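Provided below for reference: sequence and predicted model.
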Amino acid sequence: MQLTRPRTLPGLMMDAPLLIGTLIDHAAAWHGDVEIVTQQIGADPHRYGYRDARKRSAQLAHALHEKLGIVEGDRVATFAWNTYRHFEAYFGVSGIGAVLHTINPRLFAHQIEYIVNHAGDRYVMVDPHLVPLLEPHAPSFPDVEGYIILADEEHMPQTSLRNAICYETLIADMPADIAWPELDERAASSLCYTSGTTGNPKGVMYSHRSTVLHALCGAADLSVGENALATLLAIVPMFHANAWGLPYLAPLVGSKLVFPDPHLDPARLYAIMESERVTTSCGVPTIWFNLLAYMKKNDLRFSTMKAIAIGGSAAPPALIETLERDFGVAALHAWGMTETSPSCTTGLPKPQHATTIEERIVRKTTQGRVKYGVGVSIRDDDGNALPFDGVAQGDLFVRGPWVASGYYEDDEATAAAVTADGWFRTGDIASIDSDGYVVIRDRSKDVIKSGGEWISSIDLENVAIAHPAVAEAAAIGVPHPTWAERPVLVIVPKDGTNPSKTEIVDFLTGKVAKWWLPDDVLFVRELPHTATGKVSKKTLREQHAAGKLV
Ligand code: ADP
């Protein structure tokens, strides 16, 4: 059947590109007084509205272009926590067609050095109290032209950073209005490196179009599902997949936006949620475990919270149940990756699956239902598509307008991740049922995710193998009630040796980050291998779960 005409019949709708600048324009025009609140350590919160945020974003845009010569396609990095100035950079940088490269300050030195150079950043915008963390790296950034310190003159730190510029002085004399250039909506807008892989971090390059579409669909989920958009608390860092898109979603719908300070201790978070009347927040399971434990201990309730989105790691049933049953808050379990902007599923059960709380909780414990715009496929080892019957499990592939089509300037990583027919390999193993509920069953990539942060199993193994009594080492992630996963090291000792757990942990101490140290070290005679001779982490995890490794 011939369905397409030789010539497309054009629709008669205006061709308005989906640009990030339009989000802040809309917010300034129609909810200009709605607040953006930044919690500050040792000072009162900073408060202003979207109208002022737009003015200052415009000033930043002018300054970047007119004073520093930033043009479309240039990369400008941020090394910063969640603040109003970082928010201004989201629009001031991307709005003029430059690319906002958000750097995770928690990455290792060699990763930070790699990504700044790989991205080709021209300037780095840095929080004053992160300056000491950045200074030691700066000599390795030959191409960075200067550092914009996100402070006023009074709070400018002493620094060895070359060409350090005060943010407030930079923007002060610039015009407070701007007509954003009419960019191509497919142009790059922001860049985020993911370290959730082995080898060097990989750059995920978002576009204006992908960002706006992702925000639109996120807003639809929250407004239709739980009507919880009044006040959003952005706990996820702005360097982690754009804080899961909240800084774009909030101006789109007119939500008040609250940025917590970086010390996310439960007492502080609870106080912010109550005083700012937060209705929705999102974060990794560990945040919620700690918060709920604190609230239970002190017999506290939420007075305004309506919905909490949980993702980044599997949310255990007990967490969902406690939120829904004990605290009356809708738990939205979501799955996604930096490469998918990140949201691909949402924990909104179909109405017929939510008639009783028990049923609702069962459905909400899945990773949620496939969102509009996201295509999913599960495949066996030979690449055959598996049925969506809730039982068959295989490698999960996704595609859609906010899924990465490749990595920035990294053909090898792109070839490994994207199939010839245009699907993105997630490295997760899933089953999907006929209603679109996705359950993540396992991970085929060899990394461990603890408290929402990655631990490289290969790096752990490489250090362990240097111990004179270790013949082979394999690090696996095992489930943990608070941290989602913790590393366990499985070791084959060399013949004639008998190393102890303490000896191995002592050996690792100081060579890897403290929180990477394995919770347990187990000794075996041999490791299970796959048909291709690789250590089978999957079998090891199964053996560990069945108590067969002790
Ligand atoms: P983010 O932490 O923002 O989701 P990353 O790219 O750092 O993004 O990590 C993505 C990976 O985290 C996924 O491939 C998956 O392994 C894991 N993950 C994310 N969300 C979930 C979830 N709800 N359940 C289980 N695993 C998850």
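Structure received. Model, not experiment: these values are computed from the prediction.

where does L291 sit: helix, strand or coil?
helix (DSSP: H, G, I helix; E, B strand; the rest coil).

show the contacting residues for it.
Residues in contact with L291 (C-beta atoms under 8 Å, 6 or more residues apart in numbering) are 266, 269-270. Just so you know, the C-beta spots here come from the backbone N, C-alpha and C atoms, and that holds for glycine as well.

please pull out the lowest mean pLDDT helix or strand from the protein.
When each helix and strand of the chain is scored by mean pLDDT, DSSP states H and E, strand 453-456 comes last, with a mean of 83.

direction included, what does that strand pair up with?
With DSSP bridges as the test, strand 453-456 is paired with strand 447-450 (antiparallel).

my guess is P493 meets K501, correct?
No. Between P493 and K501 there is no contact under C-beta atoms under 8 Å: 11.7 Å.

more neighbours: which of the two?
Taking neighbours as other C-beta atoms under 10 Å, P493 and K501 compare with P493 leading, 17 against 14.

which residues touch that one?
Neighbouring residues of P493 by C-beta under 8 Å, 6+ apart: 469-471, 499, 523.

rerun at 6 Å
Neighbouring residues of P493 by C-beta atoms under 6 Å, 6 or more residues apart in numbering: 469, 499, 523.

okay, and which of the residues you listed map to strands?
Members of the contacts of P493 lying in strands (criterion: DSSP state E): F523.

nearest to the ligand, out of the contacts of P493: which one, please.
F523 (28.2 Å; C-beta to the nearest ligand atom).

which residues does that closest one contact?
Per C-beta under 6 Å, 6+ apart, neighbours of F523: 491, 493.

could you give the bridge partners of it?
When assigned by DSSP bridges, F523 has beta-bridge partners I491.

that one and N498, how far apart?
9 Å (C-beta to C-beta, to the nearest Å).

likewise S377?
48 Å.

if you count what's nearby, which of these two comes out ahead?
Using other C-beta under 10 Å as the criterion, S377 and N498 rank with S377 on top: 18 against 9.

which residues touch the more buried one?
Going by C-beta under 6 Å, 6+ apart, S377 touches 385, 397.

now with 7 Å?
When contacts are counted by C-beta atoms under 7 Å, 6 or more residues apart in numbering, S377 is found next to 385, 397, 423.

how about the strands in the stretch 401-550 of the chain?
With strands called from DSSP state E, counting those that start in this stretch, the stretch 401-550 of the chain shows them at 424-432, 438-443, 447-450, 453-456, 470-480, 484-493, 520-523.

what residues does the stretch 301-450 of the chain put near the ligand?
Contact residues (C-beta under 6 Å from any ligand atom) of the stretch 301-450 of the chain with the ligand: 311-314, 333-338, 342, 367, 426-428, 440, 443, 449.

ChimeraX command for the buried members of those residues?
The following ChimeraX line selects those of those that are buried, judged by 16 or more other C-beta atoms under 10 Å:
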select :311,312,313,314,333,334,335,336,337,338,342,367,426,427,428,440,443,449
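
so what touches the helix or strand where L396 lies?
Element membership of L396 [criterion: DSSP states H and E] is strand 394-399. Taking contacts as C-beta under 7 Å, 6+ apart, the residues outside strand 394-399 that touch it are 340, 344, 374-380, 386, 419, 422-426, 428-430, 444.

so what secondary structure elements neighbour the longest helix anywhere in the chain?
Determined from DSSP state H, the single longest helix within the chain is helix 208-226. Where contact means 3 or more C-beta pairs under 7 Å, 6 or more residues apart in numbering; DSSP states H and E, helix 208-226 is packed against helix 20-30, helix 246-253.

those: which one's closest to the ligand?
When these are compared by C-beta to the nearest ligand atom, helix 246-253 sits nearest the ligand, at 12.1 Å.
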